[in-house]
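Trainee: compute the structure for the input listed below.
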Amino acid sequence: MFNTLRKGKIIINKRDHTFQVIDAQSKITNGSHGLGSNLAAITTFGMSRIAEKSFSHAGRGLRNLLRDEYDFSDLLSFELIEDDSTISSGGVGRSLVFGAVAGAPGAIVGAITGKKKTRGIVEIMYVAITVNDMDNPTLYVPFITHKTKKGSAQYMEALNSAKSTMSALNLIANNAE
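Mentor: As a prediction, this is how the structure comes out:
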């Protein structure tokens, strides 16, 4: 029997009760430039774009500062976020909640509707994982980082990977000592 299990972007070491997060980042960006950054670029004659690129490349180095491995007991909470809405969440002492019995598509529609209009495009989807680490308490695991049409093969692949990642985190939370 193997001691490791990979589900989504999580690698679980069952024997040592540790886990690794694949593609974890210390911050999340969707790669788009908003009005504020465009205005800054105009008023600084493009120098803000140069600074932004250098910070962006430096941010890639921040991944190296993240711990390689976490104990099951380090996992505090996690949530799947699509654009600015929490789609599902879980953590130690909580069960994984997908918002609706109708499955993930129903949960997404249920979480996004309300006072907002449902859009057919997703700009960003990620899992935010809170761990017991004073230096980097939140890990961001991106699944979609640019405009993607809901229902497309790319969207469904990202959603399935995110669901698998959330399931792995739920297993870890339920087996924490």
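Trainee: against Val21, how distant is the nearest residue to Thr86 once chain neighbours are set aside?
Mentor: Leaving aside its chain neighbours, Thr86 sits nearest to Glu79 (5.1 Å; criterion: C-beta to C-beta, 6 or more residues apart in numbering). Bear in mind the C-beta positions are built from the backbone N, C-alpha and C, glycine included. In this structure, Glu79 and Val21 are 14 Å apart, going by C-beta to C-beta, to the nearest Å.
Trainee: who has more neighbours, those two?
Mentor: The residue with more neighbours, out of Glu79 and Val21 and counting by other C-beta atoms under 10 Å, is Val21; that gives 24 against 18.
Trainee: wait, what's in contact with the more buried one?
Mentor: Under the criterion of C-beta atoms under 8 Å, 6 or more residues apart in numbering, the contact partners of Val21 comprise Lys9, Ile10, Leu66, Tyr70, Ile129, Leu139, Val141.
Trainee: neighbour-wise, which of the residues you listed leads?
Mentor: Taking other C-beta under 10 Å to define a neighbour, the member of the contacts of Val21 with the most is Ile129, carrying 27 neighbours.
Trainee: brilliant, that's me finished.
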